[in-house]
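Asks: below is the sequence, then the predicted model.
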Amino acid sequence: GDGAVDCADPDCAADPACTGTPVENCSNGVDDDGDGAVDCADTDCAGDPACGPPSAGDECVDAIAAVLGSNAVDTTGATDSTDLSDPSQCSGTFLGQFVQDIWYSFTPASDGLLTADLCNLVNFDSDIAIYSGTCDALTQVGCNGDGPGCSTFTSLLSDLPVTAGTEYITRVGGWNLGSA
């Protein structure tokens, strides 16, 4: 060793921690780079997904109208909703925290069985919960954390009985921080 420590050591001069101003983290509530602007108010965060407009379906009241068949799932820029879920209703499937969750609304035209399938279709550890009622009075009627036979901990909720004319609200999110 040359006796120099940390950023004073020429061997560490190229380390990002030793070069210039710290980088702004756009979602931690701190002025990381010391310019007086925090998170999305900092011009360094322009274009960061955390600072874009809310994702479609970001909250229950803005649920995306779902159709029979495939529906796009994109949690980019979605925030965490405060609504509760009941993991005891789907014990053994490892229901998580619904990080970066998005919401869908579906009203079936006839009685039947509903399947909500993310099994091997998304690239994150997913959770699904389905509710009846209104956004201010949700009743969970089904859920799944890790579907049987699904890789990478994706979700599959099958054969949920539904009633014609009843609105069902589906919540899709990540199992924990960093998974959606």
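Replies: Arrived safely.
Asks: quick check: phi and psi at the residue nearest to Thr107 when sequence neighbours are not counted.
Replies: Setting aside the residues directly before and after it, Thr107 is nearest to Glu167 in space (C-beta to C-beta, 6 or more residues apart in numbering), at 4.8 Å. C-betas here are computed from N, CA, C, even on glycine. Here is the backbone geometry of Glu167 (degrees, to the nearest 10): phi -80, psi 130.
Asks: and Glu167, what is it in contact with?
Replies: Going by C-beta atoms under 8 Å, 6 or more residues apart in numbering, Glu167 touches Ser105, Phe106, Thr107, Ser132.
Asks: got the contact list for the first one?
Replies: Think Ser105. So Ser105 contacts Ala63, Ile64, Ala65, Ala66, Glu167, Tyr168, Ile169, Thr170 (C-beta under 8 Å, 6+ apart).
Asks: residues contacting the third one?
Replies: Pointing back at Ala65 there. Tyr104, Ser105, Phe106.
Asks: what about these, which are in helices?
Replies: Nothing among these maps onto helices, per DSSP state H.
Asks: burial check on Thr139, number of neighbours?
Replies: Using other C-beta atoms under 10 Å, Thr139 has 11 neighbouring residues.
Asks: name the element the spatially most central residue of the chain belongs to?
Replies: Centroid-nearest residue in the chain: Gln100, 2.1 Å away (criterion: C-alpha atoms, centre = their mean). Per DSSP states H and E: Gln100 is located in strand 99-106.
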